[in-house]
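S.K.: Need a 3D model of the following:
(3 chains)
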Amino acid sequence: MIANQQILQPTLQPTWTPERIDQLKSYFAAGLSCRDIAVNIGVSRNAVIGKLSRLNLTRTSPEERRARRKRSSHPAQKSTAKQPFQIRHAVYDQEPDDAPIVSANHCSLLELSEQHCRWPISTPGAEDFCFCGNTPLGGMPYCSGHYRLAYQVGSRHRAARG
DNA sequence: CCCTGATTCGC
DNA sequence: GCGAATCAGG
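M.R.: Below you'll find the predicted structure:
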């Protein structure tokens, strides 16, 4: 009689709690990428995208995507020949990644402007979460530190928040 | 080459 | 409903 289906944690919330959805919308409104939102909230990228799709918060219309898409019926799913997908090569020279980005001037979403870095600061409360607020680069919504994080140029690491 | 977005399917 | 897997494009 092993019928344990979801008897994992006693206090396991259904993932997308109102708090999380609030963050999701906030980050999405801030113009962050799905990967950024996912890493900030603490979920997978697909989870964010899936939730956005369910909430119909996708930037592109489903019809447009579908028009571009030509998925007929069965696109050779995970049945027989399964592709090795993208294998990430191991990094032998792991950088210390010492890039302490100091955000001394935090600002809220409403306070965001051209003079404030739009990097979200994830907080455990999520109610008073704010943004970096540093001086961004010329024409860039982020400061020099978060510029690298916002764009994947130079560094492949995207885990440092703050 | 890698990454991002969106859809589809299984649980 | 949620998330992994998958596909397609940049």
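
S.K.: In chain A, which helix is the longest?
M.R.: With DSSP state H setting the assignment, residue counts place helix A:18-30 as the longest helix in chain A.

S.K.: Give the buried residues for it.
M.R.: Taking 16 or more other CB atoms under 10 Å as the neighbour-count basis, helix A:18-30 is seen to contain the buried residues A:20, A:23, A:24, A:26, A:27, A:28, A:30. Using the backbone N, CA and C atoms, a C-beta is placed for each residue, glycine as well.

S.K.: domain ranges for chain A?
M.R.: Each domain of chain A is listed here as a residue range: A:18-68, A:77-161, per automatic domain parsing.

S.K.: ok, which pair from the buried residues of helix A:18-30 is furthest apart?
M.R.: Checked with CB to CB, these reach their widest spread between A:20 and A:30, with 15.4 Å between them.

S.K.: So which of the buried residues of helix A:18-30 is the closest to DNA strand C?
M.R.: Within the buried residues of helix A:18-30, distances to DNA strand C taken as CB to the nearest atom of the strand reach their minimum at residue A:20, with 8.2 Å.

S.K.: mind checking pLDDT for that closest one?
M.R.: For residue A:20, the model assigns a pLDDT of 79.

S.K.: how far away is it from residue A:14?
M.R.: Distance from residue A:20 to residue A:14, counting by CB to CB, to the nearest Å: 10 Å.

S.K.: Same question for residue A:27.
M.R.: Relative to residue A:14, residue A:27 is positioned 20 Å away (criterion: CB to CB).

S.K.: And for residue A:21?
M.R.: Using CB to CB, one gets 11 Å for the distance from residue A:21 to residue A:14.

S.K.: what residues do these two have in common as contacts?
M.R.: Between them, residue A:21 and residue A:14 share no contacting residue under CB atoms under 8 Å, 6 or more residues apart in numbering.
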